[in-house]
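Visitor: coordinates for the following, if possible.
(one chain, ligands or ions: 2)
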Amino acid sequence: MKKGFIFDLDGVITDTAKFHYIAWKNLAATLGITIDETFNETLKGISRMDSLDKILAYGHKENAFTTTEKETLAQKKNDEYVKLLADLSEADLLPGVHDFLVQAKEQTIPCSIASASKNAPMILDKLGVLEFFGHIVDPETLTKGKPDPEIFIKAAKSIGVEPKDAIGFEDAQAGIEGIKAAGMYAVGLSATETLIGADLQVASMTELDVEQLINQ
Ligand code: G6P
Ligand code: MG
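Guide: Residues are numbered from 1 along each chain as shown. Ligands and ions are numbered 1, 2, ... in the order given. Take a look at the predicted model:
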């Protein structure tokens, strides 16, 4: 029987990828770099600074800025991203998420968040689901990003669950790889991409039943 759930945030709990995309696209445009939705897919699950580095490399400007200048650029992107989140509310939860979290609570299955986003606590608060999570891993404490399993191992331990007894939920390939490397059962959430290595893939959380999932 599985004993804990570890959730990615963006693309699993809510769809913030579209807002990240707008903010990065606008910032990139000011630097003379054009990014499209296909390129944006490669930014999913990637930290803010690593995303900026990827965009600069894509535009052949990897050596154009100092570390301080890059921090200013990343801050500028985040300022716009946070503004785009101003109206986020419970209505922005992805289908089936609220019901799934309620079921988990009823079954006393602890839940934690493994997201690279420094905005995760604020976003969960706006979505009205903060109370369902025993812990949110602080990305500042990580030495490596996804696909490294570090974030998932920390998320499991933070709620007193061994990784082998946990189930991880992810929408990005790097995340599925991290969950599997942590020794967990991986549930992939995507209606469009095939997530290689996922133990189970569904289009949305509406297809999942907590009792069935923990007892398989
Ligand atoms: C998630 C998203 C990424 C984002 C990262 C950092 O992993 O999928 O697109 O870059 O979080 O988010 P932040 O809110 O800290 O800029
Ligand atoms: Mg994600």
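
Visitor: quick check: residues of the chain near ligand 2?
Guide: By Cβ under 5 Å from the ion, the residues of the chain that approach ligand 2 are 8, 10-11, 171-172. For glycine as for every other residue, the C-beta is placed from the backbone atoms N, C-alpha and C.

Visitor: could you pick out which of those residues are near ligand 1?
Guide: When these are checked against ligand 1 using Cβ under 6 Å from any ligand atom, the ones in range are Asp10.

Visitor: if you look at the residues of the chain next to ligand 2, which of them are in strands?
Guide: With DSSP state E as the criterion, strands contain none of the residues of the chain next to ligand 2.

Visitor: out of the residues of the chain next to ligand 2, which is most surrounded?
Guide: Among the residues of the chain next to ligand 2, the one with the most neighbours (other Cβ atoms under 10 Å) is Asp8, at 30 neighbours.

Visitor: next, that residue: phi, psi?
Guide: The phi and psi values for Asp8, taken as degrees, to the nearest 10, are phi -70, psi 160.

Visitor: pretty sure it is in contact with Gln173, am I right?
Guide: No. If you go by Cβ atoms under 8 Å, Asp8 and Gln173 don't touch, sitting 11.7 Å apart.

Visitor: and the spatially most distant residue from the centre of the chain, what does it touch?
Guide: Relative to the centre of the chain, the most outlying C-alpha is that of Ala64, 29.0 Å out, by Cα atoms, centre = their mean. Applying Cβ atoms under 8 Å, 6 or more residues apart in numbering to Ala64 gives the contacts Leu56.

Visitor: roughly how far apart are the nearest residue to Ile196 once chain neighbours are set aside and ligand 1?
Guide: Excluding the flanking residues, the one nearest Ile196 by Cβ to Cβ, 6 or more residues apart in numbering is Gln173, at 6.5 Å. Going from Gln173 to ligand 1 by Cβ to the nearest ligand atom, to the nearest Å gives 12 Å.

Visitor: mind checking pLDDT for Gln212?
Guide: In this model, Gln212 is scored at 95, pLDDT.

Visitor: tally up the residues packed near it, please.
Guide: Counted by other Cβ under 10 Å, the residues lying close to Gln212 total 8.

Visitor: close to ligand 1, is the helix or strand of the chain with the lowest mean pLDDT?
Guide: Least confident helix or strand of the chain, by mean pLDDT, DSSP states H and E, is helix 37-41 with a mean of 91. No. Contact of helix 37-41 with ligand 1 (Cβ under 6 Å from any ligand atom) is absent, the minimum separation being 8.4 Å.

Visitor: what sits against His135?
Guide: For His135, the contact set (Cβ under 8 Å, 6+ apart) comprises 112-113, 155, 158-159.

Visitor: if we use 10 Å, what do you get?
Guide: Neighbour list for His135: 6, 110-114, 154-160 [criterion: Cβ atoms under 10 Å, 6 or more residues apart in numbering].

Visitor: how about Asn215?
Guide: 1-2, 107, 209.

Visitor: against ligand 1, how distant is it?
Guide: To ligand 1, Asn215 is 30 Å away according to Cβ to the nearest ligand atom.

Visitor: His60 too?
Guide: Taking Cβ to the nearest ligand atom as the measure, His60 falls 21 Å from ligand 1.
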